[in-house]
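Trainee: Next one to model:
(chains A, B, C and D)
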Number of protein chains: 2
Amino acid sequence: MRLLIVEDEKRLALSLAKGLTAEGYAVDVVHDGREGLDRATTEPYDLVILDIMLPGLNGYRVCAALRAAGHDVPILMLTAKDGEYDEAEGLDTGADDYLTKPFSYVVLVARVKALLRRRRAAGASPVHVHGDLKVDTAARRVWLGGAETELTAKEFSVLEHLVLRAGEVVSKADILEHVWDFAYEGDPNIVEVYVSALRRKLRADLIRTVRGAGYRLETAP
Amino acid sequence: MRLLIVEDEKRLALSLAKGLTAEGYAVDVVHDGREGLDRATTEPYDLVILDIMLPGLNGYRVCAALRAAGHDVPILMLTAKDGEYDEAEGLDTGADDYLTKPFSYVVLVARVKALLRRRRAAGASPVHVHGDLKVDTAARRVWLGGAETELTAKEFSVLEHLVLRAGEVVSKADILEHVWDFAYEGDPNIVEVYVSALRRKLRADLIRTVRGAGYRLETAP
DNA sequence: CCTCGACGATCAGGAGTCGCATGCGGTCCA
DNA sequence: TGGACCGCATGCGACTCCTGATCGTCGAGG
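Mentor: Numbers count the residues shown, from 1 in each chain, chains lettered A, B, ... in the order given. Model prediction:
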């Protein structure tokens, strides 16, 4: 599950990102509205956490623009309590839920999970397809050209992370942070070991090495 | 059968939950309106017991929001006798039945059963079929390939939870939360013991272990 | 065009984790 | 009082994961 946080208070954004990453989500953070809109329109996020007061473009406008562009990604709005902005307005522009600052981290996580559950209950499939590769994140199953392949937990996590960023180059540090513990003090070689295993179990040319940068899951067949 | 209790008086909520659990229902409890709405919209409950006076969002609004969202889950409202809230209003917003505090536990159970019967009579099937496995959550009976199998209460609850999420990986923590008390502090080993029993009584390959992730009820035959 | 250095791939082994089976005592109910 | 059910503990077996070492490959600069 991939989350985008659009929040200009950097400390808050960072702490949310850390926590949600620990929950197992892939988290990206941007600090202004325009950048947020760009990312949300071009990348496949499962949920967007959107602050109202933002430099560049405020949260309402980001939200409205996203909906106008036909994106139905769930949006959780963050509003300040001082009443300058109205919660109802947030829901009117197409947000799915809102949270009033200050909020506890536990509540935020509960809302995030609820929104993701709701979306899943509505029939949104957690299945990702790229070429002849099919990955079902809920069932934790992987097919290649119709044949199912058995993966271990770590192998699946690495693959899932690459699939969520299919076509992009993902650095080893990024994979380490997301799949392993946050502050993992280990050899980046583990990533190589698991990529190697994935290539062996799936197909060698599925994961492309970008020397000095990381790995990229090939999307075109 | 899964029940959700939305009630902020914790002692009352707990005693109801205990009683209904003993009746064989899987019971979740939340203490405020918003959380109740979240859960009811995202989880597949068979009935919601909803107090009127709630922090966050009162019972009427939860009920109205649920109906507005297209959910037809039966709702049993709990009203205080002091007339501040009108019973009729509860029914207007879409509740199926109401009960005035204080009420006897026996009456509550009778109403719950009546509502579940009514829904069943209306054609909602509590029977889930996956391959040659048939599970009747109302009657709490299980058939495998036409032959009925006797399960204990806990065995059935674990199976029911897996059936409701058939095809997905369900973590042991998730099973613990839903089948045992919600704040259960116990050894995940219990889950393993019950899964083991289910495999013995049903078929070994029906419940698949996904190492490091949980269990998955196989859907394909 | 060759050489060298850095980076990446692969392999094997041991430690640790995870899941399963079994058995025992407690408790609840008939 | 007896039986069934439940929670818990233990020990075993298997698999996974990480580490370290070695081998391979790419690319830049001489």
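
Trainee: which bits of chain A sit near DNA strand D?
Mentor: A:150, A:152-155, A:180, A:186-187, A:189-190, A:193-194, A:211 (CB under 7 Å from any atom of the strand). Just so you know, the C-beta spots here come from the backbone N, C-alpha and C atoms, and that holds for glycine as well.

Trainee: from those, which has minimum pLDDT?
Mentor: Note: of the residues of chain A next to DNA strand D, the lowest pLDDT belongs to A:Gly186, at 73.

Trainee: what about that residue, helix or strand, and which?
Mentor: A:Gly186 is part of no helix or strand, with elements assigned from DSSP states H and E.

Trainee: Which positions within the helix or strand hosting A:Leu12 qualify as buried?
Mentor: A:Leu12 belongs to helix A:10-22 when assigned by DSSP H and E. Buried residues in helix A:10-22, counting neighbours by 16 or more other CB atoms under 10 Å in any protein chain shown, are found at A:13, A:16-17, A:19-21.

Trainee: for stretch A:210-221, same thing?
Mentor: A:214-217.

Trainee: For these, give me CSV that also has secondary structure, distance to B:Gly59 and pLDDT.
Mentor: Shown next, in CSV, are the buried residues of stretch A:210-221 (DSSP: H, G, I helix; E, B strand; the rest coil; distance: CB to CB, whole Å; pLDDT from 0 to 100):
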residue, secondary structure, distance to B:Gly59, pLDDT
A:Gly214, strand, 52, 93
A:Tyr215, strand, 52, 95
A:Arg216, strand, 52, 95
A:Leu217, strand, 48, 94
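
Trainee: Those: which two are farthest apart?
Mentor: Largest separation among the buried residues of stretch A:210-221 by CB to CB: A:Gly214 and A:Leu217, giving 10.8 Å.

Trainee: Out of the helices and strands in chain A, which is least certain?
Mentor: Across the helices and strands of chain A, mean pLDDT, DSSP states H and E gives its lowest value to helix A:87-92, namely a mean of 56.

Trainee: Output the following helix or strand past that one as PDB - backbone C-alpha positions only.
Mentor: As assigned by DSSP H and E, the chain's next helix or strand after helix A:87-92 is strand A:97-100. Extracted as PDB, the C-alpha positions of strand A:97-100 are listed here (Å, rounded to 0.1, in the frame of the first residue of the first chain):
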ATOM      1  CA  ASP A  97     -12.600  11.800   5.700                       C
ATOM      2  CA  TYR A  98     -11.000  14.600   7.800                       C
ATOM      3  CA  LEU A  99      -9.100  14.900  11.000                       C
ATOM      4  CA  THR A 100      -8.800  18.000  13.100                       C
END
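
Trainee: So which bits of chain A are right by DNA strand C?
Mentor: A:172, A:189, A:192-193, A:195-196, A:199-200, A:204, A:209, A:211-213.

Trainee: Now, those that are in strands?
Mentor: A:Thr209 (DSSP state E).

Trainee: Most neighbours of all the residues of chain A next to DNA strand C, which one?
Mentor: A:Val195 (21 neighbours; other CB atoms under 10 Å in any protein chain shown).

Trainee: Contacts only, for it.
Mentor: With contact set as CB atoms under 8 Å, 6 or more residues apart in numbering or on different chains, A:Val195 has these partners: A:158, A:207, A:209, A:215.

Trainee: my guess is the third one contacts A:Tyr215, does it?
Mentor: Which is A:Thr209. Yes - the pair A:Thr209 / A:Tyr215 is scored as a contact, 6.1 Å apart, by CB atoms under 8 Å.

Trainee: Now chain A against DNA strand C: closest residue?
Mentor: A:Ser196 (3.2 Å; CB to the nearest atom of the strand).

Trainee: List the contacts of A:Phe156.
Mentor: A:140, A:142, B:213.

Trainee: surely the first one meets B:Tyr215?
Mentor: Right, A:Arg140. No - using CB under 8 Å as the test, A:Arg140 is too far from B:Tyr215 to be in contact (10.8 Å).

Trainee: Distance from stretch A:134-142 to the middle of the chain?
Mentor: On the basis of CA atoms, centre = their mean, to the nearest Å, stretch A:134-142 sits 16 Å off its chain's mean C-alpha point.

Trainee: If you count neighbours, what's buried in it?
Mentor: Applying 16+ other CB under 10 Å to stretch A:134-142 flags A:134-137, A:139-142 as buried.

Trainee: so does that stretch get close to chain B?
Mentor: Yes - using CB under 8 Å from any CB of the partner chain, stretch A:134-142 comes into contact with chain B via A:138-140.

Trainee: Helix, strand, or coil at the closest residue to A:Gly33 other than its chain neighbours?
Mentor: Of all residues not flanking A:Gly33 in the chain, A:Leu57 sits nearest, at 3.1 Å (CB to CB, 6 or more residues apart in numbering or on different chains). Secondary structure for A:Leu57, judged by DSSP: H, G, I helix; E, B strand; the rest coil, is coil.

Trainee: Report the separation between whichever residue of chain A sits closest to chain B and A:Leu133.
Mentor: Nearest residue of chain A to chain B: A:Ala153, at 3.1 Å (CB to the nearest CB). Using CB to CB, to the nearest Å, one gets 19 Å for the distance from A:Ala153 to A:Leu133.

Trainee: Among these two, which residue is more densely surrounded?
Mentor: A direct count of neighbours by other CB under 10 Å for A:Ala153 and A:Leu133 places A:Leu133 higher, at 22 against 13.

Trainee: Among the contacts of A:Phe156, which one sits closest to DNA strand D?
Mentor: B:Ala213 (9.3 Å).

Trainee: Settle this for me: the closest one is touching A:Ala138, isn't it.
Mentor: No - contact criterion CB under 8 Å: B:Ala213 and A:Ala138 do not qualify, at 10.6 Å.

Trainee: Mutual contacts of those two, please.
Mentor: By CB under 8 Å, 6+ apart, the residues touching both B:Ala213 and A:Ala138 are B:Val169.

Trainee: What lies in contact with the helix or strand encompassing A:Asp38?
Mentor: Using DSSP H and E, A:Asp38 falls within helix A:33-42. Contacts of helix A:33-42 from elsewhere in the structure, counted by CB under 8 Å, 6+ apart, are A:4, A:6, A:28, A:30, A:45, A:48, A:50, A:54-59, A:61-62, A:65-66, A:69, A:71, A:73.

Trainee: could you flag which of those are buried?
Mentor: For the contacts of helix A:33-42, buried by 16+ other CB under 10 Å: A:4, A:6, A:28, A:30, A:45, A:48, A:50, A:54, A:57-59, A:61-62, A:65-66, A:71, A:73.

Trainee: Tell me which entries of the residues you listed lie within strands.
Mentor: Using DSSP E, the buried ones among the contacts of helix A:33-42 in strands are A:4, A:6, A:28, A:30, A:48, A:50.

Trainee: Between which two of those residues is the distance greatest?
Mentor: A:Asp28 and A:Leu50, at 12.8 Å, using CB to CB across these.

Trainee: Quick check: neighbours shared by the two?
Mentor: Common neighbours of A:Asp28 and A:Leu50 (CB under 8 Å, 6+ apart) do not exist.
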